[in-house]
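Participant: I need the structure of the sequence given here:
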Amino acid sequence: RIQAGKTTVSSAFKTVSYPRSFSGNPLVLSQVQSFSDRTAAVTRQHNINNRGFALCLQSQEKFGKRHNAETVGWVAVSQGTVALGNGMKLNASVLPGYFSNPESDRAIWHRWNFTNQTSDEKPLVLAGMQTANGADTTGFRMRNISAAFFEFFLEEETSANFEITHINESVGFLSISPEN
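Facilitator: This next block holds a predicted model:
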């Protein structure tokens, strides 16, 4: 099952309810879709369950992490793999909350191996944090996406300081690839 919507949110967490409940906790991805504040912002979600999730914006630390209200689009996808009927398959997974960046001055890239990838073609991968355990403004970066794996990094922004240490977060990814 896939459900999507949009809402208006600012720096305070706001509860977002799905139109219909899921049978389990889905993967949730979100993105800012407006421009009402000149400072950069990322979306953060947490408390994801089968009925909804909490969503907020985080802005640059040097501006106090406050951000004006913006329109945010979101998509929630049931975890698992499903054939899309056009020769493609979709896989949605939430990875356990053990990914962090323990170093204060360099990026620690994590590698995730696809377990059900049956094609030699590189999949389309969308991903993001599923928790907001750390209070610092943090984004999600990927690199080296292949048919077998991808690498990712939890990237703290550095407008107020250059420290990039971040505590454990859960990560979710959505991949679309050929079925063969």
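Participant: Tell me how many other residues crowd Asn161.
Facilitator: 12 (other CB atoms under 10 Å). To be clear about C-beta, it is placed using only N, CA and C from the backbone, and glycine gets the same treatment.
Participant: How about it: what's its closest non-neighbour residue?
Facilitator: Residue nearest to Asn161 in three dimensions, not counting chain neighbours: Glu61, with 7.3 Å by CB to CB, 6 or more residues apart in numbering.
Participant: Tell me if I'm right that the one you found and Ile164 touch.
Facilitator: No - when contacts are counted by CB atoms under 8 Å, Glu61 is not listed as touching Ile164 (11.6 Å).
Participant: Give me the more crowded residue out of the two.
Facilitator: Counted by other CB under 10 Å, Glu61 and Ile164 do not tie: Ile164 has more neighbours, with 21 against 16.
Participant: wait, isn't that one in contact with Phe153?
Facilitator: No - using CB under 8 Å, Ile164 makes no contact with Phe153, being 9.2 Å away.
Participant: In terms of helices and strands, where is the residue nearest the centre of the chain?
Facilitator: The structure's the chain has its C-alpha centroid closest to Gly128; by CA atoms, centre = their mean the separation is 1.6 Å. If you go by DSSP states H and E, Gly128 is part of strand 124-129.
Participant: Parallel or antiparallel, list what pairs with that strand.
Facilitator: Within its sheet, strand 124-129 is paired with strand 166-178 (antiparallel), according to DSSP bridges.
Participant: in the strand it pairs with, what counts as buried?
Facilitator: Burial within strand 166-178, assessed by neighbour count using 16 or more other CB atoms under 10 Å, is assigned to 166-167, 169-175, 177.
Participant: about what we covered before: I'd like the distance between the residue nearest to the centre of the chain and Ser146.
Facilitator: Using CB to CB, to the nearest Å, Gly128 is found at 20 Å from Ser146.
Participant: Helix or strand with the lowest mean pLDDT in the protein?
Facilitator: Within the chain, confidence by mean pLDDT, DSSP states H and E is lowest for strand 88-101 among all helices and strands, at a mean of 81.
Participant: Can you point out the buried residues in the following helix or strand past that one?
Facilitator: With elements assigned by DSSP H and E, the helix or strand that comes after strand 88-101 is strand 110-113. For strand 110-113, the neighbour count (16+ other CB under 10 Å) marks Trp112 as buried.
Participant: what does stretch 140-149 give?
Facilitator: Residues 140, 142, 145 are the ones in stretch 140-149 that count as buried (16+ other CB under 10 Å).
Participant: Could you double-check that the last one lies in contact with Val125?
Facilitator: Yes - with contact taken as CB under 8 Å, Ile145 and Val125 are classed as touching, separated by 5.4 Å.
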